[in-house]
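A.B. asks: Give me the fold of what follows.
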Amino acid sequence: MEKNLVVLLIEDNDLNRNMLKRRFSKRGLTTILAEDGNTGIKKAQEENPDCILLDITLPDMPGEEVAKYLAHDKRTNNIPIIALTAIDKKNAVELVETGNFIDYCLKPFDFPDLIRKIQQYAGG
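C.D. replies: Residues are numbered from 1 along each chain as shown. Predicted coordinates:
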């Protein structure tokens, strides 16, 4: 990667957060972590990351609500949001069709595919 991309990872699972941060670091990505929706929204507004990876199941609000808020906030509406979800592919596609997510990645993660999507949408 030529550009050091900054990814905001909004994920409530500690193991997933830590694993992805380590793996992203090895690939030259800077990772900002948030463990819930409210923290994720605040960090997106403050840090202006290149891409947001957003878990759909969060403790304080659904990921869909976080994405909707970010998509309608002029400070964050230009940031691509990729849904992270363990739901089936059909429902994941429906999330993208709402217009608030640019793409999705199913859990368990296909890491090369996730990296490819980050690079594709964040311009890396």
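A.B. asks: C-alpha from now on. contacts and neighbour counts both.
C.D. replies: Noted.
A.B. asks: Pull the number of nearby residues for Glu11.
C.D. replies: 25 (other CA atoms under 10 Å).
A.B. asks: show me what contacts it?
C.D. replies: Contacts for Glu11 (CA atoms under 8 Å, 6 or more residues apart in numbering) come out as 17, 33-36, 53-55, 58.
A.B. asks: Restricted to helices, list those.
C.D. replies: Under the assignment DSSP state H, these contribute Arg17 to helices.
A.B. asks: helices and strands around the lowest-mean-pLDDT helix or strand in the chain, which ones?
C.D. replies: Least confident helix or strand, the chain: helix 89-97 with a mean of 83, by mean pLDDT, DSSP states H and E. Secondary-structure packing of helix 89-97 (3 or more CA pairs under 8 Å, 6 or more residues apart in numbering; DSSP states H and E): strand 81-85, strand 103-106.
A.B. asks: hmm, back to that, which member of the contacts of Glu11 is positioned nearest Ala122?
C.D. replies: Leu53 (11.2 Å; CA to CA).
A.B. asks: Pick the most deeply packed of the helices and strands packed on helix 89-97.
C.D. replies: Most buried of the helices and strands packed on helix 89-97, by mean neighbour count (mean count of other CA atoms under 10 Å): strand 81-85, with a mean of 25.
A.B. asks: hmm, who's touching that one?
C.D. replies: Strand 81-85 has contacts (CA under 8 Å, 6+ apart) with 51-57, 63, 67, 92, 95-96, 100-107.
A.B. asks: Whichever of the residues you listed end up buried, select them in ChimeraX.
C.D. replies: The following ChimeraX line selects those of these that are buried, judged by 16 or more other CA atoms under 10 Å:
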select :51,52,53,54,55,56,57,63,67,92,95,96,100,101,102,103,104,105
